[in-house]
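J.: Need coordinates for the below:
(2 chains)
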Amino acid sequence: MNMLKYKDVINACRFCFMCRHLDTVGNVTFKEADTPRGRALILDKICMYRKNLKNPDFVDTIYKCALSAACRHHCVSHYDETGLVLAARRDITAAGFEPEKVRQLATELKANAGVELAGGSGEIIYYVDSYSAAKQPEIAEAFRLVLAAAGVSCRILTGDSGKALLTLGYRDPAKAVAVKLRDAVAESGCNILVTSCPASLDAFKNDYPELGVAFDADIRILHTAEFMLELLEHGKLKAGHNKKDKVCYLASDFLKNYNQLGEIPLKLLQKIGAQTAEFGTNREESYAAGEGAVVYDRLQPKILKLLCNRIASLADSPATDILLTVSPYTKYALATFSEKKLNVISLEEFVAERITTLAPRLKTTAIRARQRKRRARNA
Amino acid sequence: MANYEEIMMISKDNYMYAMIRSELAWVLGEENVSSDDSERLGHSIDYYWIPEMWHDRGKTPPAPDFIVHPGSAGEVAGVLQIANKHKIPVIPWGGGSGSQGGALPIYGGIALDTKRMNHVLNIDVKSLTVTAETGINTQHLEWAVQKAGYSTMHFPASIACATLGGFLAHRGTGVLSTKYGKIEDMTMALEVVTPTGEIINTLPVPRHASGPDLTQMFLGSEGTLGVMTKATLKIHPVPEARKFHAFLFKDMHAALAAGAKIMTSRLRPCVIRVYDEAETAKLIKRVLGIDKKGAYLVCGFDGPLKMVELEIQLACAICRRENSEDLGAEMGQSWWDNRYKFFYPPYTFQLPQAFGTLDTVATFANIENVYWAMKKTVAGNFPQATFIGHFSHWYEWGCMLYARFIIDAPPEDPLAAAALYNKIWDMAIRAAIKEGGVINEHHGVGLKLGRMMKDLYGPAFKVLAGIKASLDPNNIMNPGKMGFEGI
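T.: A predicted model of the protein is given here:
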């Protein structure tokens, strides 16, 4: 079983209560099972008696986990409880004991797998994830405006990254999807891959190498927050409109807890002169509405509603606060599932409203250096 | 070995089971009544070593028949009325992080999980109090109070694990208790649902002459006298300064003397901790990286900067007079910064080790004798056990001994392991009581120490038992705990 590779995590978490205050799902269902301790006890029982793997209550609990990794991030030893749950899901699907709704969702994802690369040439590839493409087109549109203002050309890559299949426990189908995407990027000749989707960023940076389909080492993989910060730092963009409205930044689980990039959007906001206010009561809790589970809106819509309502309840003034997210999924979830209407804006939209164009033909030092290197290699 | 899955399913094939479940769902809503295997497993094990060991050995600890999540005192009352009608045990459960087995459903029944009652209701900035529902996680409570610009000053190692109700039910404490008190010192008033389902409130202030204090009666009752559903606590301004200083003494005796002198000089430290030589060598080295022989002492003060500087200067002078090595402010601050690290794996003790915290409190005149009595008992009778201890939570008259025993390789057979474990507890605690120690200071009694309550209280235990019988005529509330009758 895959989860046996995480026996140290089971042993550490099964009797430990120290991070339970940060379990995203446990904080809204109030269930003991929905904590790292509860899940580790279950998985320990499964390791002891394999027939427990088919216990539907146990399986449901494992698929309720929102994978925010807030607990792992908090743990002084960073025991990989998130990895343990993902391993358990792989074991469950391998045994064919996944819930029907999971199986159906996976079938749908597999059927729609495939990538498309648009635009004949470009300095960068902008990967538009499925939430941005289908549900939040304004995010990609805003980012393209930012790129245009900075004079950066791009090609648009759409399609599945495989991340959803991977988090549901379907490793091999996820790998097949990843191969397609990796090959499309390789064929494009671009060496900067940018995405607004933190889940996809995590897939490209961490999952693909683990799956054995890593990108070429020369290809830089950046979140839009990182790329826009570079553009600002290199003078390609300049903050223009001095709007005084204050924003509350909702950190992305994948940027903060998976990739230690949680401060980048804040640096960007600072750079463009935005006024930020702390959201909620702390910086440890996940305010990403199940982002870690990638397709939580499809998997657990009832719990997602609870998550969104909790986030709304933590806003100082839900009706007027501007909540800024760096995750297309989170924007969609909060806009769709919160009972209170929230003002949610993506980082791309926020930046697009506040920049002016500088000399658009200037290229960033980093981009030029990489292009020179590529040309030299091709020659 | 029993199969887990089969055992968990037994009680569901029963007419009464369906009847009671229906009644609970009418009061709470279907979504707040659970009997699924995941939840039953989660509520069958708390932080008590025995159920952990049972689980580790592949056995199945007793589980509740139902887990309910009431959202208000009214819903709690509804649950208790159903339980009285059917004479079903009700076991209140907060964070489940108690170490004494107090939240274990030893007779099955209804686990009344309070976590849904998690709201901060009011922060009174004029009186400096906060009123909250008791199911709130205490870290969440502290964050909410901090956002308002104040602090509860309640910083236990289990701050992130436990609920406010758990601390109230066990007379819990935090690392700043020496200045800010234990939870019973912080509590102004309570809302309680009695075992028969009445919702009552204690008087709104803790100092009065209107008869015995009901608030104090319910505090520490461990779910045996009802369910505390709301509490008003004192809160405090965030201090201008908080500073620490550490010393190394040649032995525990000298460190204890310095700590007692600080307290009897009536300085007001927020923290004093003295680690014996064994714990200094084992845990202070491992967590703080101080690799020296002797007894480590840390003291801390907070408040206005000038007062803090003066008090810490006076405390340091006392320590230096005891011929100590000055480790400086940095080594004191390091303790504060890492104060919770001791409790995370792998720094905390873990199965397969057997371990227990022999929490005892006594006067300065007795505390050292208590320590030696326990240490000699453990070392003399159980050569396989290591004994370590530190002294935390200091008062004007004495302090708490946080002694622990650790056995690296206890018997594999669960009955033999439990027998050894219980024997150590029994002998060590009775040795402590004989020297004037009281069990215990902040972990509570629960299942683990219930059998000693009659010995500890003597004839006075009848008073406690009478209160229990009067409030809970059907003995539904957490039966078999705290030395009260089981079913």
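J.: CA atoms for contacts and neighbours, from now on please.
T.: OK.
J.: Which residue does the stretch 201-350 of chain A have closest to chain B?
T.: Taking CA to the nearest CA, chain B has its nearest neighbour within the stretch 201-350 of chain A at residue A:281, 5.5 Å off.
J.: for whatever residue of the stretch 301-450 of chain B ends up closest to chain A, phi and psi?
T.: When distances are taken as CA to the nearest CA, the stretch 301-450 of chain B reaches nearest to chain A at residue B:345, 5.7 Å away. When read as degrees, to the nearest 10, the backbone of residue B:345 gives phi -70, psi 140.
J.: Spatially, which residue comes closest to it, not counting chain neighbours?
T.: Computed as CA to CA, 6 or more residues apart in numbering or on different chains, the closest residue to residue B:345 that is not its neighbour in sequence is residue A:12, at 5.7 Å.
J.: quick revisit: correct me, but the residue of the stretch 201-350 of chain A closest to chain B touches residue A:315?
T.: No - counting by CA atoms under 8 Å, residue A:281 stays clear of residue A:315, with 9.2 Å between them.
J.: And the helix ranked longest in chain A, what does it pack against?
T.: In chain A, with assignment by DSSP state H, the single longest helix is helix A:171-188. Helix A:171-188 sits against strand A:115-118, helix A:163-168, helix A:208-211, with contacts defined as 3 or more CA pairs under 8 Å, 6 or more residues apart in numbering or on different chains; DSSP states H and E.
J.: quick one, which of the ones you listed is nearest to chain B?
T.: Nearest to chain B, of all the helices and strands packed on helix A:171-188, is helix A:163-168, at 19.6 Å by CA to the nearest CA.
J.: what's in contact with the closest one?
T.: Contacts to helix A:163-168, defined as CA atoms under 8 Å, 6 or more residues apart in numbering or on different chains, come from residues A:63, A:86, A:89-90, A:102, A:106, A:109-110, A:171, A:173-174, A:199-200, A:203, A:293-295.
J.: just stretch B:275-292 next, same as before
T.: For stretch B:275-292, the surrounding residues in contact (CA under 8 Å, 6+ apart) are B:251-252, B:293-297, B:334-335, B:338, B:341-342, B:347, B:387-391.
J.: Would you mind listing the residues in contact with the residue nearest to residue B:345?
T.: A:79, B:345, B:346, B:350.
J.: Can you point out the helix or strand that includes it?
T.: In the assignment (DSSP states H and E), residue A:12 maps to helix A:7-13.
J.: What average pLDDT does that helix get?
T.: Mean pLDDT, helix A:7-13: 97.
J.: C-terminal to it, what's the next element?
T.: helix A:26-29.
J.: How far does that following helix sit from its chain's centre?
T.: Mean-position distance between helix A:26-29 and its chain equals 21 Å (CA atoms, centre = their mean, to the nearest Å).
J.: Counting by contacts, list what it packs against.
T.: Contacts defined by 3+ CA pairs under 8 Å, 6+ apart place helix A:26-29 against helix A:301-314.
J.: Can you tell me which helices and strands the very next helix or strand once past the helix it packs on packs against?
T.: Next along the chain after helix A:301-314, taking DSSP H and E as the criterion, comes strand A:322-325. The criterion is 3+ CA pairs under 8 Å, 6+ apart, and the helices and strands that strand A:322-325 contacts are strand A:246-250, strand A:343-346, helix A:347-352.
J.: Now that we have these, can you turn them into TSV and tack on mean pLDDT?
T.: Output for the helices and strands packed on strand A:322-325, formatted as TSV (pLDDT from 0 to 100):
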stretch	mean pLDDT
strand A:246-250	93
strand A:343-346	96
helix A:347-352	95
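J.: Those into TSV, with extra columns for distance to residue B:198 and mean neighbour count?
T.: TSV is the format used below for these (distance: least, CA to CA, whole Å; neighbours: other CA atoms under 10 Å in any protein chain shown):
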stretch	distance to residue B:198	mean neighbour count
strand A:246-250	43	21
strand A:343-346	43	21
helix A:347-352	52	22
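J.: And the ones you listed: which comes nearest residue A:240?
T.: Closest approach to residue A:240 among the helices and strands packed on strand A:322-325 (CA to CA): helix A:347-352, 9.9 Å.
J.: other SSEs contacting that closest one?
T.: helix A:137-150, helix A:224-233, strand A:322-325.
J.: which residues are in contact with that helix?
T.: Applying CA under 8 Å, 6+ apart, the contact partners of helix A:347-352 are A:138-140, A:142-143, A:145-146, A:224-225, A:265, A:272, A:324-326.
J.: For the helix or strand hosting residue B:361, list the C-alpha coordinates in PDB.
T.: Residue B:361 belongs to strand B:354-363 when assigned by DSSP H and E. Taking C-alpha atoms only, strand B:354-363 is exported to PDB below (Å, rounded to 0.1, in the frame of the first residue of the first chain):
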ATOM      1  CA  ALA B 354       4.800   4.100  28.000                       C
ATOM      2  CA  PHE B 355       4.600   7.500  29.700                       C
ATOM      3  CA  GLY B 356       2.500   9.400  32.200                       C
ATOM      4  CA  THR B 357       2.500  12.800  33.800                       C
ATOM      5  CA  LEU B 358       2.400  12.500  37.600                       C
ATOM      6  CA  ASP B 359       0.900  16.000  38.100                       C
ATOM      7  CA  THR B 360       1.000  17.000  41.700                       C
ATOM      8  CA  VAL B 361       0.800  20.200  43.600                       C
ATOM      9  CA  ALA B 362       2.100  21.000  47.100                       C
ATOM     10  CA  THR B 363       3.400  23.700  49.300                       C
END
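J.: quick one on the thing from earlier: from the contacts of helix A:347-352, which is closest to residue B:311?
T.: Nearest to residue B:311 among these: residue A:265, at 43.7 Å, using CA to CA.
J.: Give me the neighbour count for the nearest residue to that closest one once chain neighbours are set aside.
T.: Counting by CA to CA, 6+ apart, residue A:225 is the residue found nearest to residue A:265 once chain neighbours are left out, at 5.5 Å. Neighbourhood size, residue A:225 [other CA atoms under 10 Å in any protein chain shown]: 27.
J.: Show me what from chain B comes close to chain A.
T.: Contact residues, chain B versus chain A (CA under 8 Å from any CA of the partner chain): B:3-5, B:36-39, B:41-43, B:46-47, B:52, B:58, B:69, B:97, B:115-116, B:137, B:139-140, B:143-144, B:146-147, B:158, B:160-161, B:341, B:343-346, B:350.
J.: Got a PyMOL select line for the buried ones in these?
T.: This is how PyMOL selects the buried members of the residues of chain B next to chain A, with burial counted by 16 or more other CA atoms under 10 Å in any protein chain shown:
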select buried, chain B and resi 4+5+36+37+38+39+41+42+43+46+47+52+58+69+97+115+116+137+139+140+143+144+146+158+160+161+341+343+344+345+350
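J.: Cross the residues of chain B next to chain A against helices and list the overlap.
T.: If you go by DSSP H, these have B:4-5, B:37-39, B:41-42, B:52, B:139-140, B:143-144, B:146-147 in helices.
J.: Can you lay out the residues you listed as CSV showing pLDDT?
T.: Converted to CSV, these look like this (pLDDT from 0 to 100):
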residue, pLDDT
B:4, 43
B:5, 43
B:37, 96
B:38, 97
B:39, 97
B:41, 97
B:42, 98
B:52, 97
B:139, 98
B:140, 98
B:143, 98
B:144, 98
B:146, 98
B:147, 97
